[in-house]
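Participant: Dropping the sequence and predicted coords here.
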Amino acid sequence: MRVTVIGVPSAWGAPDPGVTETPARLRAAGLLDWLAGAGLEVRDHGDVPVLRGWQAPATLSAPVSDGGQLPHLCELLAVQREVRQAVGRTLEAGELPLLIGGECGIAPGAMAAVAASTTCAPVGGTPARPVIVWLDAHGDLNTPETSPSGLLCGMPLSVALGRGHPESLAVGADTPTPSPEDTWLIGARDLDAGELATLAELPIHQVTVDELRGLGAEQLIERILPGAAILPPEARVLSPQASEVDTPDPAEAAIYLHIDVDCIDPSEAPGVTFPVAGGLGTAEVADLAGYLCASGRLAALTIASANLLVDEEDLTLNNLRMLLTSISDALSLA
């Protein structure tokens, strides 16, 4: 398997520029060596172009519906278009894109590339069915009308599902829109009123930290990819919850895996902009990501929102090393 690392040092949708340093800091710490698993060929694409001159986003002067402007929308859209092109070229070359952010606002460009790609299909010619697995302390399900802050980093999952500012939706307007039934929000524990309303409206699969621990990674993967051959026979039993919805055939799925580092508890990953207590352990994230990476259906992977400028005693850095080394081992199995 060939893995291509794509750096995206963007903070245009975020309230702090610290995340722009993450791709360079991880490379300097040995990122490419961490990914050097058996049978993997790893190359560094470098960073996509990102406009310079970041400034703190202004507070919305009025709701967008009343003429208010989203801060830095044009700048982030430019980044998303660059990401889509870079990920699309990587997929066309038969390689797995591993994006290192930067903020999670980079994700719509990557997801649009996955949704458009014919190389993700089991048989060429028709794009595979996009499945989103989104690990995050937050929902990222706001729209311009529901966001209390106007920050674009709180909206990327909504944009992927076709809800948001018309200019944001244009990034993937020519691609299939992932279905809410094929969307899994895992580990979210800081949700605002607008996001809760969206979760009540749409059949998105929300899995809390406690639910994941009670279920276990194997059984959760069985719900995401029913009958996936990566599981032992005794675990390949379609759950009642999975049978209630139109679940994807694992052979037809193209998984976009998004890991926002704040899904990990701050005791293990304090180097994030929005820490939220009660998160997953690094080993739990690695376990879940490992099953998805070994499934053979992973189309793209993003690691986002680490702010190593506020890390404590390299805790976040060291746990990212463990996570990425584990991911490398799992990709070797694929």
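Facilitator: Great, that's in hand.

Participant: can we go C-alpha only for contacts and neighbour counts from here?
Facilitator: OK.

Participant: ok, and what's touching stretch 168-185?
Facilitator: 73, 77, 80-81, 108-109, 111-113, 115-116, 129-136, 139, 159-163, 202-207, 224, 245-248 (CA atoms under 8 Å, 6 or more residues apart in numbering).

Participant: Check which residues of that stretch are buried.
Facilitator: Within stretch 168-185, the residues scored as buried using 16 or more other CA atoms under 10 Å are 168-169, 171-172, 175-185.

Participant: coming back round to it: could I have the PyMOL command that selects the buried members from the contacts of stretch 168-185?
Facilitator: Burial among these is assessed by 16+ other CA under 10 Å; the matching PyMOL selection reads:
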select buried, resi 73+77+80+81+108+109+111+112+113+115+116+129+130+131+132+133+134+135+136+139+159+160+161+162+163+204+205+206+207+224+247+248
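
Participant: where does the stretch 201-334 of the chain dip in pLDDT?
Facilitator: 228-251 (pLDDT under 70).

Participant: Could you pull out the strands in it for me?
Facilitator: 205-207, 253-260, 298-304 (DSSP state E, counting those that start in this stretch).

Participant: Give me the helices and strands touching the longest one, please.
Facilitator: In other words, strand 253-260. helix 107-116, strand 129-135, strand 298-304 (3 or more CA pairs under 8 Å, 6 or more residues apart in numbering; DSSP states H and E).

Participant: strands paired with that strand, and their directions?
Facilitator: The strands beside strand 253-260 in its sheet (DSSP bridges) come out as strand 129-135 (parallel), strand 298-304 (parallel).

Participant: which residue is nearest the middle of the chain?
Facilitator: Against the mean C-alpha coordinate of the chain, by CA atoms, centre = their mean, the closest residue is residue 258 at 1.7 Å.

Participant: can you pull the contacts of residue 284?
Facilitator: Residue 284 neighbours (CA under 8 Å, 6+ apart): residue 217.

Participant: Quick check: which of the helices and strands packed on strand 253-260 is nearest to residue 282?
Facilitator: strand 129-135 (11.8 Å; CA to CA).

Participant: residue contacts, residue 199?
Facilitator: residue 206.

Participant: pLDDT value on it, please?
Facilitator: The per-residue pLDDT reported for residue 199 equals 97.

Participant: i'd like the first residue to be 21 from this point on
Facilitator: In the new numbering, first residue 21, that becomes residue 219.

Participant: Pull the distance from the host helix or strand of it to the chain's centre.
Facilitator: In the assignment (DSSP states H and E), residue 219 maps to helix 213-221. Remark: helix 213-221 is offset 20 Å from the chain centroid, using CA atoms, centre = their mean, to the nearest Å.

Participant: Put the alpha carbons of it into PDB.
Facilitator: Extracted in PDB, the C-alpha atoms of helix 213-221 (Å, rounded to 0.1, in the frame of the first residue of the first chain):
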ATOM      1  CA  ALA A 213     -28.500  23.500  20.800                       C
ATOM      2  CA  GLY A 214     -28.300  23.700  17.000                       C
ATOM      3  CA  GLU A 215     -26.200  20.500  16.800                       C
ATOM      4  CA  LEU A 216     -28.600  18.700  19.100                       C
ATOM      5  CA  ALA A 217     -31.500  19.700  16.900                       C
ATOM      6  CA  THR A 218     -29.700  18.400  13.800                       C
ATOM      7  CA  LEU A 219     -29.000  15.100  15.500                       C
ATOM      8  CA  ALA A 220     -32.700  14.800  16.500                       C
ATOM      9  CA  GLU A 221     -33.700  15.600  12.900                       C
END
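
Participant: Using neighbour counts, pick out the buried residues of it.
Facilitator: The neighbour-count check on helix 213-221 (16+ other CA under 10 Å) flags 214-215, 218-219 as buried.

Participant: The residue nearest to residue 51 when sequence neighbours are not counted - how many residues pack around it?
Facilitator: Leaving aside its sequence neighbours, residue 51 sits nearest to residue 341 (CA to CA, 6 or more residues apart in numbering; 7.5 Å). Residues lying near residue 341 (other CA atoms under 10 Å) number 19.

Participant: thinking again about what came up before, would CSV of the strands paired with strand 273-280 with distance to residue 167 be doable?
Facilitator: Compiled in CSV, the strands paired with strand 273-280 are given as follows (distance: least, CA to CA, whole Å):
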stretch, distance to residue 167
strand 149-155, 19
strand 318-324, 20
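
Participant: Ok, which of these comes nearest residue 54?
Facilitator: Judged by CA to CA, the one of the strands paired with strand 273-280 that comes nearest to residue 54 is strand 318-324, at 14.1 Å.

Participant: what pLDDT does the residue nearest to residue 187 when sequence neighbours are not counted get?
Facilitator: Among residues not flanking residue 187 along the chain, residue 97 sits closest, at 7.9 Å (CA to CA, 6+ apart). We have a pLDDT of 96 for residue 97.

Participant: which SS class is residue 97?
Facilitator: helix (DSSP: H, G, I helix; E, B strand; the rest coil).
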